[in-house]
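J.: Okay, sequence plus prediction incoming.
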Amino acid sequence: MGVIRVTLNELYDQMDLYGFEDFEESQKLTLLNEAYFDIATREAWPFLEAVTTFTAPNGTEQITNQSFAGSPSNVNAVLSFIDTTNDVVMTPERSDVIEKNFRVDDLTTYPEYYYFIGEDMFVYPAVRGNTSYRLSYIRSPIAATEASDTANWYIPARHHSIVLYGALVKSFLVNDDPQAGAFQNAFESRYQQMRNDLWMQQYDRTERVHIISDGYDWNY
């Protein structure tokens, strides 16, 4: 059984209950997406983590947003990047360091470094032979649309209410309503509940009691 997601229409209806029935649905969608981005970009949330494997063709330098199969397109930050063909843990580097310190040496081995220019990820030197990689990364959040509804939101459905609270804060601010402060407090409280839920993903470690004799206490 799949997760039952909160729909945009349900979120619109809840905004109406708080007195924003005069807002167009397009305006509500904008406020909801702004709230979602505010939440998703605060931390490297577990729900933004993803892992992909792909094979980069010989001569490849740019890894993201390319036409070859498996090329990731929404990489916000890298957690780990492994060349599984040559068993190499790729080393992150700044693009200017690559230009000043490595290109002058004209390295001809298989790639050992990766770097970003803007939001696109590259390797240096270029891929030698078709090479398989495994990339663990933080995804960039994607906006909800009328066509996709809330399916684009990576945040778990059980926490969609925090997106509503964030949108309500913005809605009250639009109307210069003093209730914005009260809903900001509700938003922050709900945010902490979500943090407690999402960041503690295992309780598997057993508790241990370590016995220390008096000798440890008095052995100066």
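T.: Done, it's in.
J.: what about the chain, any weak spots by pLDDT?
T.: Counting by pLDDT under 70, the chain has low-confidence residues at 1-4, 104-107, 205-220.
J.: Can you give the domain ranges for it?
T.: Taking automatic domain parsing as the domain assignment, the ranges for the chain are 8-41+143-199, 48-139.
J.: got JSON lines for these, with mean neighbour count too?
T.: Using the backbone N, CA and C atoms, a C-beta is placed for each residue, glycine as well. Formatted as JSON lines, the entries for these read as follows, by neighbours: other Cβ atoms under 10 Å:
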{"stretch": "domain 8-41+143-199", "mean neighbour count": "16"}
{"stretch": "domain 48-139", "mean neighbour count": "15"}
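J.: show me the contacts for the spatially most central residue of the chain.
T.: For the chain, the residue whose C-alpha lies nearest the mean C-alpha position (Cα atoms, centre = their mean) is L48; its distance is 3.2 Å. Applying Cβ atoms under 8 Å, 6 or more residues apart in numbering, one finds that L48 lies in contact with 40, 76, 138-139, 141, 154.
J.: From the residues you listed, which land in strands?
T.: Where the contacts of L48 overlap with strands, as defined by DSSP state E, the overlap consists of 76, 138-139.
J.: ok so, going back, pick out the most distant pair among the contacts of L48.
T.: Every pair in those was compared (Cβ to Cβ); the two farthest apart turn out to be N76 and Y154, at 11.2 Å.
J.: any shared contact partners between these two?
T.: Between them, N76 and Y154 share the neighbouring residues 48, 139, with contact defined by Cβ under 8 Å, 6+ apart.
J.: Tell me the one among the ones in strands among the contacts of L48 nearest to D13.
T.: When these are compared for distance to D13, the smallest value, 28.9 Å, is given by R139; criterion: Cβ to Cβ.
J.: Surely that closest one is in contact with V51?
T.: No: here R139 does not reach V51: they are 10.6 Å apart, not a contact under Cβ atoms under 8 Å.
J.: Straight-line length of stretch 66-75, end to end?
T.: Using Cα to Cα, to the nearest Å, the end-to-end distance of stretch 66-75 comes out at 12 Å.
J.: Could you pick out the longest helix of this structure?
T.: helix 179-199 (DSSP state H).
J.: So what touches that helix?
T.: Contact partners of helix 179-199, identified using Cβ under 8 Å, 6+ apart, comprise 39, 43, 45-47, 156, 158-159, 161-162, 165-166, 168-169, 172-173.
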